[in-house]
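1. heads up, no residue letters with this:
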């Protein structure tokens, strides 16, 4: 019986080659798209879930209220928190601090300026990053030890055994390689090429015991059987308790977040971590369901459209005694066979598209063909898709009455309402939702891109100060200006495109206790900040410690800071931080500029300090606009090589760094556009097949109409209008759903567009145009056919 069913299925596929090809091709594209999305989702939800002790590891968070009473949470914690937790809380098995850094690592003649991290000695025991060589218990215990990743060790030493070799860190200290770490997997948030012990950070003088300095990530491993809820309650006031009685008593609470939720749920909503990347994962999960349903609907439509071709077969089989359940089984078997063929073709599509897809999502995804889980999933996926796609055709075809079939009284293809038309409406509703969503995502990205940043990013570069740069800063600055490579230079605490430091606890004349909770971004400059960055000074002047030596205790505020502090006459105002005896005087006010997300509507209050308050870690250089950029860069390189020969010059263009702020949004937009296009393509395949079949079924009607004088245009319109009606109904259904969904998505951006009616008008026009283009070819072809041929059999 099964052999017979298999033969019938193959014969039907071969007999209807065009329809089979459309079905297989459409389903294969849908399945390939779904598999790619599922690979990405698997990677996202698997982030940090591979650690053996992961169920007991928690990332520490802070929580506090702003002056408006709104609670907010942040991940960086004080360095002193880890040893305090380890010492005072018996349910804590271990605590690890982690802080990314960049050093120049030298091995012989090879010099590499690359990312690394400081970590406590228990890092390799807490997290499941396996060592290829070395001892996890001892690898980070020595002051001058270093652990390299496998790739970084090979980059430094080639094929030599790197264990025990000496590397130089930042031209200052020699460290011994005590471990070789397997390269980090792509489902971790950690990013480093080497690990240095926390004791080395302490030696450099970068460690401190200030409860108000929130600058590192802290991971806590609880003992077996410990309750996260009870532990949270115990540590809630740890910072408050340790600062009680201080000049600046903290009100910050501490809480934990499970490690396996730390990536997906990193967005603070009134102090609770309830959203974040999980929203994007859900979005693409829904898109995957849409794509698979649309591909399945194609199969349903094309299968039921051919019902008259199979009707007599069903009628005769029933007359000779075939039971309905066996007919259902047969049709489902055909559907599963087609699903299997589509899956094989989908794997071919995936092999060709996986690399471009990886570049798009910034991952290294791959299909594990050797994994038993993959083949279990594959079989389940084929069966699921085959059953979903074939269920309606199977029940529909098997339900035919043999008497009606053999009399030829089946439902006509031009009936007012048919399940097939409903499926087309559902299919195009999904497609139109994706069209509208894609248009809105693109508009939102453009809205952010077109936002005035508040400073001039053109010809602006920044360089991190390493080695002898700080020592020779004045000479470097002088030569850059005298050579004509630059027109302005300023020394800063952080890049203009990144938020590195913030603080609160400031007082001024007229301030209240609540004002001490205002969080100010902090920057530092020696002179020429406004000139170099291109920020406009609207009151007073810029900092300049060379012309005004007292500017070491001066500050420049931005407009948002003046507004938050309610200063009517800011110039000359005195500001003091709680616990500090030195008052800072305001010498200028600058226009607001975007230093954080361009999609954040409210610009944060900002203070620009003179030297000595923060570390000077960055040089901003305004290149000469009258010279080619290449010439300017060559001049900068020669000057830095003269004064800092041990370090390769690495510079960043401010406009490129600013563009990185849009990377996630652009990736989401590109993926949405890609899958929307695939969805539309799959829908059009089905529509094309349906139009072909409808034209074939109405051949005699078209012939009669043509003999009676109908024009080609009239006939083409007649054949197309039914499909256009379905598309218009789909648009009416899809529009409110898309509006609601995209409003929810836009709520994640405080600086956002308002959804315009023009988006829906454009989506409607695109939908109708796509439908006309898809259907018109078959409609015109049928209308132009010779009526003699179609009526010859009459």
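-> Nice, thanks for sending it over. In this text the structure is predicted, and so the values were computed from the model without any measurement.
2. okay, CA-based contacts and neighbour counts for the rest of this
-> Will do.
3. so residue 92 sits against residue 221, correct?
-> Yes: contact criterion Cα atoms under 8 Å: residue 92 and residue 221 qualify, at 6.1 Å.
4. looking at these two, which is more packed in?
-> Shown here are residue 92 and residue 221; by other Cα atoms under 10 Å, residue 221 has more neighbours (23 against 18).
5. how near is the more buried one to residue 55?
-> For residue 221, the distance to residue 55 equals 9 Å [Cα to Cα, to the nearest Å].
6. excluding its backbone neighbours, what's nearest residue 441?
-> residue 669 (5.6 Å; Cα to Cα, 6 or more residues apart in numbering).
7. just residue 601 next, same as before
-> Closest residue to residue 601 apart from its sequence neighbours, by Cα to Cα, 6+ apart: residue 751 at 4.1 Å.
8. just list the residues touching the one you found, thanks.
-> By Cα atoms under 8 Å, 6 or more residues apart in numbering, the contact list for residue 751 reads 448, 598-602.
9. that one in helix, strand or coil?
-> Secondary structure, DSSP: H, G, I helix; E, B strand; the rest coil: residue 751 is coil.
10. burial check on the residue nearest to residue 441, number of neighbours?
-> Counted with other Cα under 10 Å, the neighbours of residue 669 add up to 20.
11. and for residue 530?
-> By other Cα under 10 Å, 20 other residues sit near residue 530.
12. I'd say it and residue 542 touch.
-> Yes: between residue 530 and residue 542 there is a contact under Cα under 8 Å: 6.5 Å.
13. hang on, isn't residue 737 packed against residue 433?
-> Yes: counting by Cα under 8 Å, residue 737 does reach residue 433; the two are 7.2 Å apart.
14. so which of these two has more stuff around it?
-> More crowded of residue 737 and residue 433, by other Cα under 10 Å: residue 433, with 24 against 15.
15. and the more buried one, how far from residue 772?
-> From residue 433 across to residue 772, the span is 19 Å (Cα to Cα).
16. re the thing from before, which member of the contacts of residue 751 is positioned nearest residue 160?
-> Ranked by distance to residue 160 (Cα to Cα), the contacts of residue 751 are led by residue 598 at 47.1 Å.
17. circling back: among the contacts of residue 751, which ones are buried?
-> Burial by neighbour count, 16 or more other Cα atoms under 10 Å: within the contacts of residue 751 this picks out 448, 598-599.
18. excluding its backbone neighbours, what's nearest residue 564?
-> Among residues not flanking residue 564 along the chain, residue 605 sits closest, at 7.1 Å (Cα to Cα, 6+ apart).
19. how deep is the one you found tucked in, by neighbour count?
-> Using other Cα under 10 Å, residue 605 is surrounded by 21 other residues.
20. tell me, how many residues neighbour residue 450?
-> For residue 450, the neighbour count with other Cα under 10 Å is 10.
21. show me the contacts for it.
-> Applying Cα under 8 Å, 6+ apart to residue 450 gives no contacts.
22. which residues in the stretch 501-650 of the chain form helices?
-> For the stretch 501-650 of the chain, the helices defined by DSSP state H, counting those that start in this stretch cover 529-533, 559-565, 629-643.
23. relative to residue 272, which of the ones you listed is closest?
-> Short answer: helix 559-565, nearest of these by Cα to Cα, at 24.9 Å.
24. give me the residue at the spatial middle of this protein.
-> In the chain, the residue lying closest to the centroid (Cα atoms, centre = their mean) is residue 664, at 4.3 Å.
25. got a pLDDT number for residue 307?
-> pLDDT, residue 307: 55.
26. next, count neighbours for residue 676.
-> For residue 676, the neighbour count with other Cα under 10 Å is 24.
27. wait, it sits on residue 431?
-> Yes: if you go by Cα under 8 Å, residue 676 and residue 431 touch, sitting 6.7 Å apart.
28. quick one: secondary structure of residue 242?
-> helix.
29. can you pull the phi/psi pair for the nearest residue to it once chain neighbours are set aside?
-> Counting by Cα to Cα, 6+ apart, the nearest residue to residue 242 once its immediate chain neighbours are dropped is residue 211, at 7.7 Å. Dihedral angles of residue 211 (phi, psi; degrees, to the nearest 10) stand at phi -70, psi -20.
30. how many other residues sit next to residue 211?
-> Residue 211: 19 surrounding residues under other Cα under 10 Å.
31. cool, residue 723 as well?
-> Number of residues near residue 723 (other Cα under 10 Å) recorded here: 21.
32. ok, so of the buried ones among the contacts of residue 751, who is nearest residue 648?
-> Distances from residue 648 to the buried ones among the contacts of residue 751, taken as Cα to Cα, are shortest for residue 598 (31.8 Å).
33. how about that closest one, what does it touch?
-> 448-449, 451, 453, 661, 751.
34. max-length strand in the chain?
-> Identified as the longest strand of the chain according to DSSP state E is strand 92-107.
35. list the buried residues for it?
-> By 16+ other Cα under 10 Å, the buried positions in strand 92-107 come out as 92-99, 102-107.
36. buried residues in the helix or strand that contains the residue nearest to the centre of the chain?
-> Per DSSP states H and E: residue 664 is located in helix 663-697. Neighbour-count burial for helix 663-697 flags 665-666, 668-673, 675-695, 697 (criterion: 16+ other Cα under 10 Å).
37. which neighbouring elements make contact with that helix?
-> With contacts taken as 3 or more Cα pairs under 8 Å, 6 or more residues apart in numbering; DSSP states H and E, helix 663-697 sits against helix 17-45, helix 277-305, helix 324-361, helix 419-449, helix 757-783.
38. ok, 10 Å please
-> Applying 3 or more Cα pairs under 10 Å, 6 or more residues apart in numbering; DSSP states H and E, one finds that helix 663-697 contacts helix 17-45, helix 277-305, helix 324-361, helix 419-449, helix 699-707, helix 712-746, helix 757-783.
39. and the angle from the fourth one to helix 277-305?
-> With axes from the mean of the first three to the mean of the last three Cα atoms, to 10 degrees applied, the angle from helix 419-449 to helix 277-305 works out at 150 degrees.
40. residue 236 touches residue 253, doesn't it?
-> Yes: taking contacts as Cα atoms under 10 Å, residue 236 lies within contact range of residue 253: 5.2 Å.
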